[in-house]
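**Q** 3D model of this:
(2 chains)
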Amino acid sequence: MTQESFSARRQSETQDAAEQIQVNTTGQSAGVDDLLDEIDSVLESNAEEFVRGFVQKGGQ
Amino acid sequence: MSARRLVGLETEYGIIRPSMPKANATVLSAQVVDSYAQLVAETNSQVRGARWDYADESPLQDARGFTVARDQAHPTQLTDVEPEVDAGIWTAESVALDGNDARVGSTLYQEKDSTDVVMNMVLGNGARLYVDHAHPEYSSPESTTPRAAVLWDQAGDEVMRRAMDTAARLGSGELLMYKNNTDNKSVSYGAHENYLVPRSVEFSSLVQGLTPFFATRQIFCGAGRVGKGMLGQRKEFQISQRADFFEAEVGLETTVNRPIINTRDEPHSNWDKYRRLHVIIGDANLGQISTLLRVGTTNLVLSLIEAGAAPKLELGDPVAALQQISHDPSLKTAVRLRDGRKLTAIEIQREYLSAAQDYCQWQGHDDPDTAEILERWAQVLDLLERDPLLAADQIDWIAKYKLITSFAQRHNLSLDDPRVGMLDLQWADLRQDKGLYYRLAARGAIQTIFSQEEINRAVTEPPEDTRAYLRGKTLQRYAPYVVAANWDALSFSVPGARKISRIFLPEPLDGTRRDVGELFDAQLEIDEFIDQLARRA
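**A** Numbers count the residues shown, from 1 in each chain, chains lettered A, B, ... in the order given. Predicted structure coming up:
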């Protein structure tokens, strides 16, 4: 890739990225909200005991 | 200068049996590997009709002189008793502890102990699946592009899921596995990266070039953790799972006094020509983009070091910097350099990025992988600089951070609430219907580059452009005759032959589809196949 085409590509991609950000963050927030709406049915119910029971032996 | 390089990724998974929290971890890990071996045996006999049978009559085991009777206690039974009182468990454990590095990847034939456990196997996709101390581990087959490294790493997660499902189906009970790196109770387990580097590169230049990079790359490949300190005693969110478990700058250890730069020198290839840079500082990433960036940017930085073009940066205290950066999700923390400057992680990463961009502009590059990594690296640093949350659909720790902080806000909880701890753990649950990473990804809230179909294919098929192709295809096609396989050798036992034939694979970029694909296409008999291979060696 030449220097010019490399720079040009970077510039246009940066613009594209800027346009996409709005969409992405909106989608991301909606995803988080939806997941939190149903979290009670997904999350292990005995949280305290479950987390306490997650004991691992040493690894690398 | 390229983002392409021979890479392999290792993941040690967290494992528990919820119904028996004190179950022996080595035995649980052995169940995972053994269950997968049984799944492979079932699938293979149905689909390909090959004799991939681990039972008594296999000539494979006879050749090695193993006792193969499976009528002794199966390890699945062993967790029904307290580990302390059953000697068989310690036998299994001692095999795991002793066997690993001594005989890398040696199986298919199985490493057996008296309880007849498959502890260690090589898969048809060229990967290694084994028990590493107290964790099941998947070591991906060698690949040459960042994308391929991601794909075969994701395949490992799928292998573990299938093993977990198989264990349950075969009556071993429910096992749960986690792609994380700490239990938040003092223990950490690794996600290691292996990069092929020319032996001619001075190790000191690797240390110098990589240390500031490794201390800072967590901003786009950290997996996120609720808890500070090795014990997770303070319930605050930090970027990296592993940062608080590092205590040294350079060293040989991997389990204690962990160093930012690990000096293990075991190339699994031509020693004169290569070293295998064994990187132990990374987090295990569920996210495909975080994995892609982790591998791709590291490849680029290694290229810079090889070209003598890495930025000249020296951190005042690398271990402290690693932890200070991890402890600040706002990414505003500046760390001190030897020359007195103070730079943020983003600024340090920008030094590396711009060195890579400059070098590529000067030298040119013509592969799409390099272009992609340079573009994504620049893009993600821009987002992180504006607001880290803008990268929540790409970067593991940010996606997790967003979920956890949103949850805490919604319910007005502090981070020491047990349900927050549960979120932190369940984020990494490998079950796709329970794991919160997967639930979020399924809603399209996390970018992916590979579909489940592509990942499934990588579970069974090896990369085509490394020796993993020869290894994987050989196991698919000629498994009954393979008495041992590891990273750099395949050993065959053929009926009627007087000795074992050993084929060495010291060159990781040989044994590709281009090199040996025709041998598999030709459907050769085993002796002819071995002859042809030996002739090419």
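**Q** Could you tell me which residues make contact with the residue in the stretch 251-400 of chain B positioned nearest to chain A?
**A** Nearest to chain A, among the residues of the stretch 251-400 of chain B, is residue B:254, at 4.1 Å (CB to the nearest CB). The C-beta positions use only the backbone N, C-alpha and C, and glycine is treated the same way. Residue B:254 is in contact with A:60, B:190, B:192, B:262, B:264, B:280, counting by CB atoms under 8 Å, 6 or more residues apart in numbering or on different chains.
**Q** Of the residues you listed, which belong to strands?
**A** If you go by DSSP state E, the contacts of residue B:254 have B:192, B:262 in strands.
**Q** Out of the contacts of residue B:254, which two sit at the greatest distance?
**A** B:190 and B:264 (12.0 Å; CB to CB).
**Q** Of these two, give the one with the bigger neighbour count.
**A** Set residue B:190 next to residue B:264 and count neighbours by other CB atoms under 10 Å in any protein chain shown: residue B:190 wins out with 26 against 17.
**Q** Please look at that one and residue B:12 and confirm they touch.
**A** Yes: the pair residue B:190 / residue B:12 is scored as a contact, 5.4 Å apart, by CB atoms under 8 Å.
**Q** what residues do these two have in common as contacts?
**A** Common contact partners of residue B:190 and residue B:12 (CB under 8 Å, 6+ apart): A:59-60.
**Q** hmm, back to that, quick check, pLDDT for the residue of the stretch 251-400 of chain B closest to chain A.
**A** Here, the pLDDT recorded for residue B:254 equals 87.
**Q** May I have the secondary structure class of it?
**A** coil (DSSP: H, G, I helix; E, B strand; the rest coil).
**Q** gap between stretch B:151-163 and the chain center?
**A** Its chain's C-alpha centre and that of stretch B:151-163 lie 10 Å apart, by CA atoms, centre = their mean, to the nearest Å.
**Q** ditto for stretch B:178-193
**A** Taking CA atoms, centre = their mean, one finds the center of stretch B:178-193 at 12 Å from the center of the full chain.
**Q** ok, and does it reach over to chain A?
**A** Yes: judged by CB under 8 Å from any CB of the partner chain, stretch B:178-193 and chain A are in contact via B:178, B:182-185, B:187-190, B:192.
**Q** number of nearby residues for residue B:499?
**A** Other residues close to residue B:499 by other CB under 10 Å number 8.
**Q** Distance check, it against residue B:181.
**A** Per CB to CB, to the nearest Å, residue B:499 is found 44 Å from residue B:181.
**Q** With residue B:418 instead?
**A** Here the distance between residue B:418 and residue B:181 works out to 21 Å (CB to CB).
**Q** more crowded one of these two?
**A** residue B:181 (26 against 15).
**Q** In space, what's closest to residue B:279 - neighbours in sequence excluded?
**A** The shortest distance from residue B:279 to any non-neighbouring residue, by CB to CB, 6 or more residues apart in numbering or on different chains, is to residue B:193 (4.1 Å).
**Q** since we're on the one residue in the stretch 301-450 of chain B that gets nearest to chain A, how many residues are nearby?
**A** Across the stretch 301-450 of chain B, the shortest distance to chain A (CB to the nearest CB) belongs to residue B:445, at 2.5 Å. Using other CB under 10 Å, residue B:445 has 24 other residues around it.
**Q** try the one 3 residues further on
**A** In terms of burial, residue B:448 registers 16 neighbours under the definition other CB under 10 Å.
**Q** right, and it touches residue B:441 too?
**A** Yes: using CB under 8 Å, residue B:448 is in contact with residue B:441, at 6.4 Å.
**Q** Report the set of residues contacting both of these two.
**A** Counting by CB under 8 Å, 6+ apart, nothing touches both residue B:448 and residue B:441.
**Q** Provide the backbone phi and psi angles at residue B:119.
**A** phi -100, psi -10 (degrees, to the nearest 10).
**Q** Kindly apply the preceding question to residue B:175 instead.
**A** Per degrees, to the nearest 10, the backbone of residue B:175 is at phi -110, psi 140.
**Q** Could you do residue B:480 as well?
**A** Torsion angles, degrees, to the nearest 10, at residue B:480: phi -60, psi -20.
**Q** what does residue B:174 give?
**A** Residue torsions, per degrees, to the nearest 10, at residue B:174 are phi -80, psi 120.
**Q** The closest residue to it other than its chain neighbours is in what secondary structure piece?
**A** Spatially, and ignoring its direct neighbours in sequence, residue B:174 is nearest to residue B:168 (5.6 Å; CB to CB, 6+ apart). Assessed by DSSP states H and E, residue B:168 sits inside helix B:146-169.
**Q** And that helix, what does it pack against?
**A** Contact partners of helix B:146-169 among helices and strands, from 3 or more CB pairs under 8 Å, 6 or more residues apart in numbering or on different chains; DSSP states H and E: strand B:7-12, helix B:25-47, strand B:135-139, strand B:176-178, helix B:288-306, helix B:368-386, helix B:452-460.
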